[in-house]
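1. got a sequence here, can you model it:
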Amino acid sequence: MNKFKLTFFGYSGALGFAVGAIVALFMGLSELGHQLLWQLLPQAVGNPRFYPLIVCTIGGVAIGFFVKIFGRYPRTLQESLKEYQETQRIDYHGGKLVKNLLGALIVLLFGASLGPEAALVAIIGGLVTYVADRRKIAEAQRADLVEFGVGTSLGVIFMTPLFGVGRSLEGDDWQVVTESKIKKYVLYIFATFTGFIGYLLIYNVFPNQEQVFAIRRMESSFTWQGLLLVIPIILLGALFGKFFLVLQEQSDKLNQRIRNPLPLAIAAGIILGILGIISPYFLFSGEHNLLSFTRQAETMNFFLLLVIGFGKVAITMFCLACNWRGGTIFPMIFSSIAVGLAFANLLPYSPGLLVAVFTASACAVVMKKPFATACLFLLLFPVELFLWIWLAGYLGNLFLQRVPFFQEEQTIKSFKFPELPKRPVKANVQPEEKPSATEVAELRKAAERKKAAKLDAQPRVEAPKKELLTREAKRPRVTERKTETLSKPSAAEQPLTRMSRHRRK
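-> This is a model prediction of the structure:
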């Protein structure tokens, strides 16, 4: 992205709009299926008590055969993001887009405690890679477009425009700020903006829309008791996030050992159905019934809220282990808010603040990105708690990374300003003391003696006498006269002529 051309805005805007439309279509279809299977059909048969058990068991059979035939789909969010970090693309070959779509719809329709974000990231990332390959876009620009698509989809799914951008901002190295990096994020924000436009235009076509990903308004005034409880609640949230990660790691190990997916998929459906009979909050990812749950939580006691929170985590991980695959961000938020409400009911001091910092600490530990977590909760909690949420996420990660017992990966690094070139350090030269006048005189005398000794040691040449000099000076004139006289031939040496012959005779 060396040149900031209008075509980049065109690509980014079209990409964002298409991503928003795809998310709206996927969410709308899943909503229609949910209403048909869980509202209209139960009413038609008289709302039997064991209806969740029947539907979830059928779902377990369907998922077991699907995984046995097509493989483990949809892909998880961690798998897609890891592939993008390693290859700068998300693969679409072998019908992976269709497999991710069908697998996600089956899992979501039959009530799994999982979210749609994992499948949507795999589908959108694969589509963007496919279009970039067909258009023969350069590798660097293709990587940027895939990142824009993934970030826009995450922002639209959670209805938080800054979540995708904040996630990328936190992952970049800002020790060196370049012009191309600033241009990249300008296009990123533009793609997110057009993504929300596409989502709202398409999603409004579907009927019976519900308010998703919202909670009841809680009192967020600060009291001195609540401020004293902030640090302990942050540490408890970090421990809850670590509990979530441990169960997720164990579920992944169990999933890798499965040879025949059908029995465990059916078992997961049966257990999910039983828990659904006990409480409907164990079904689905939780974004649709979060608002009603927070309103009803005022009448629940401390232990019931804890059971719902920890039970939600347990059934989510059991579904993942048994090939009911999907996203974990929505269930993680729901369970964190449930446990946070439990502590807020037990300690009724600044409940809005305590629930916010507990949820932020737990979710930031799972996602490893405190700033992105704060952007995620920007519209869920009051805006005045943004800095508290950011601080809670940072301290929660810092706590686990500084305690050797947890063996947490060091992802939180201290901020450092850009280092300036260092000047060479000059050696400390002590100033010499000026000699006194007597010392200078002695040094001069010693120099003169040394010079005189050198002259005495050299061989002496006697000066030539003046007479020799005068003779040597006169000699060149005599030689000149001689040469002049010698240059004229004598009469005897002259050649003979007729006249000279007569004279001689």
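
2. longest single helix anywhere in the protein?
-> In the chain, assigned by DSSP state H, the helix with the most residues is helix 224-256.

3. now that helix: buried residues?
-> For helix 224-256, the neighbour count (16 or more other CB atoms under 10 Å) marks 226, 229-230, 233-245, 247-248, 251, 255 as buried. Just so you know, the C-beta spots here come from the backbone N, C-alpha and C atoms, and that holds for glycine as well.

4. so how far is that helix off the chain centroid?
-> A distance of 22 Å separates the centroid of the chain from that of helix 224-256, by CA atoms, centre = their mean, to the nearest Å.

5. so what's the nearest residue to residue 171 once chain neighbours are set aside up against?
-> In space, and not counting its chain neighbours, residue 171 is closest to residue 369: 7.5 Å by CB to CB, 6 or more residues apart in numbering. Applying CB atoms under 8 Å, 6 or more residues apart in numbering, we find residue 369 in contact with 166, 167, 170, 171, 393.

6. quick test: name the residue nearest the centre of the protein.
-> Closest residue to the average C-alpha location of the chain: residue 171 at 1.6 Å, with CA atoms, centre = their mean.

7. right, and residue 355 touches residue 344 too?
-> Yes. Counting by CB atoms under 8 Å, residue 355 touches residue 344, with 5.2 Å between them.

8. name the member of the contacts of residue 369 with the most neighbours.
-> Compared across the contacts of residue 369, residue 393 has the highest neighbour count, 33 neighbours, by other CB atoms under 10 Å.

9. distance of it from residue 443?
-> Note on residue 393: its distance to residue 443, by CB to CB, to the nearest Å, is 75 Å.

10. overlap of the contact sets of residue 355 and residue 344?
-> Common contact partners of residue 355 and residue 344 (CB under 8 Å, 6+ apart): residue 218.

11. how about CSV for the contacts of residue 369, with distance to residue 376 and pLDDT added?
-> Converted to CSV, the contacts of residue 369 look like this (distance: CB to CB, whole Å; pLDDT from 0 to 100):
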residue, distance to residue 376, pLDDT
166, 8, 84
167, 9, 84
170, 12, 80
171, 15, 75
393, 10, 91
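
12. which of these sits closest to residue 88?
-> Nearest to residue 88 among those: residue 171, at 13.7 Å, using CB to CB.

13. model confidence score at residue 179, please.
-> Residue 179 is assigned a predicted lDDT (pLDDT) of 77.

14. and the pLDDT for residue 458?
-> If you check residue 458, the pLDDT there is 63.

15. please begin residue numbering at 45 from this point
-> In the new count, where the first residue is 45, that last one comes out as residue 502.

16. related to what we said a few turns ago, which of the contacts of residue 413 sit farthest apart?
-> Greatest spatial distance in the contacts of residue 413: 215 and 437, 14.8 Å, computed using CB to CB.

17. distance check, residue 189 against residue 199.
-> The spacing between residue 189 and residue 199, counted by CB to CB, is 16 Å.

18. the more surrounded of these two?
-> Neighbour count, other CB under 10 Å: between residue 189 and residue 199, residue 199 has more, with 30 against 23.

19. what's near enough to touch the more buried one?
-> 205, 206, 207, 208, 209, 236, 239, 240.

20. these two touch, right, the first one and residue 241?
-> No. Contact status for residue 205 versus residue 241: not in contact, 11.3 Å apart, counting by CB under 8 Å.

21. okay, and the common contacts of these two?
-> Between them, residue 205 and residue 241 share no contacting residue, judged by CB under 8 Å, 6+ apart.

22. so these two - more neighbours on which side?
-> Taking neighbours as other CB under 10 Å, residue 205 and residue 241 compare with residue 205 leading, 19 against 14.

23. report the contact partners of the more buried one.
-> Residues near residue 205 by CB under 8 Å, 6+ apart: 199, 236, 237, 240.

24. and the furthest pair within those?
-> Those two in the contacts of residue 205 that are separated most widely, counting by CB to CB, are 199 and 237, at 9.8 Å.

25. now the nearest residue to residue 333 once chain neighbours are set aside, what's its secondary structure?
-> Of all residues not flanking residue 333 in the chain, residue 325 sits nearest, at 6.4 Å (CB to CB, 6+ apart). Secondary structure for residue 325, judged by DSSP: H, G, I helix; E, B strand; the rest coil, is helix.

26. quick one, what contacts residue 325?
-> So residue 325 contacts 333, 337, 352, 356, 378, 382 (CB under 8 Å, 6+ apart).

27. quick check, nearest of these to residue 135?
-> When the contacts of residue 325 are compared against residue 135 (criterion: CB to CB), the nearest one is residue 378, at 31.2 Å.

28. was I right to think that closest one contacts residue 334?
-> Yes. Counting by CB under 8 Å, residue 378 touches residue 334, with 6.0 Å between them.

29. those two: which is more packed in?
-> Shown here are residue 378 and residue 334; by other CB under 10 Å, residue 378 has more neighbours (27 against 23).

30. who are the contact partners of that one?
-> Residue 378 sits next to 325, 329, 330, 331, 334, 337, 356 when contact means CB under 8 Å, 6+ apart.

31. what helix or strand does it sit in?
-> Using DSSP states H and E, residue 378 maps to helix 373-390.

32. what residues of that helix count as buried?
-> Within helix 373-390, the residues that qualify as buried are 373-389, counting by 16+ other CB under 10 Å.

33. poorly predicted segments of the stretch 45-194 of the chain, please.
-> Counting by pLDDT under 70, the ranges of the stretch 45-194 of the chain that qualify are 45-49.

34. ranges for the strands of it?
-> Counting by DSSP state E, counting those that start in this stretch, the stretch 45-194 of the chain has no strands to list.

35. quick one, helices of it?
-> Taking DSSP state H, counting those that start in this stretch, the helices of the stretch 45-194 of the chain run over residues 50-79, 85-88, 95-114, 121-131, 140-153, 161-179, 183-201.

36. based on its surroundings, how many neighbours for the nearest residue to residue 280 once chain neighbours are set aside?
-> In space, and not counting its chain neighbours, residue 280 is closest to residue 402: 6.5 Å by CB to CB, 6+ apart. Residue 402: 30 surrounding residues under other CB under 10 Å.

37. please report how far the closest residue to residue 145 other than its chain neighbours lies from residue 152.
-> With sequence-adjacent residues excluded and distances taken as CB to CB, 6+ apart, residue 145 is closest to residue 167, at 6.0 Å. Remark: distance between residue 167 and residue 152 (CB to CB) = 13 Å.

38. coming back round to it: nearest to residue 304 among the helices of the stretch 45-194 of the chain would be which one?
-> With CB to CB as the measure, helix 95-114 is the member of the helices of the stretch 45-194 of the chain nearest residue 304 (7.6 Å).

39. JSON lines for the helices of the stretch 45-194 of the chain, including distance to residue 308?
-> Output for these, formatted as JSON lines (distance: least, CB to CB, whole Å):
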{"stretch": "helix 50-79", "distance to residue 308": "24"}
{"stretch": "helix 85-88", "distance to residue 308": "27"}
{"stretch": "helix 95-114", "distance to residue 308": "8"}
{"stretch": "helix 121-131", "distance to residue 308": "19"}
{"stretch": "helix 140-153", "distance to residue 308": "14"}
{"stretch": "helix 161-179", "distance to residue 308": "19"}
{"stretch": "helix 183-201", "distance to residue 308": "28"}
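
40. right, and these - which one's nearest residue 343?
-> helix 95-114 (22.6 Å).

41. the closest one: which residues count as buried?
-> 95-97, 99-101, 103-104, 106-108, 110-111, 114.
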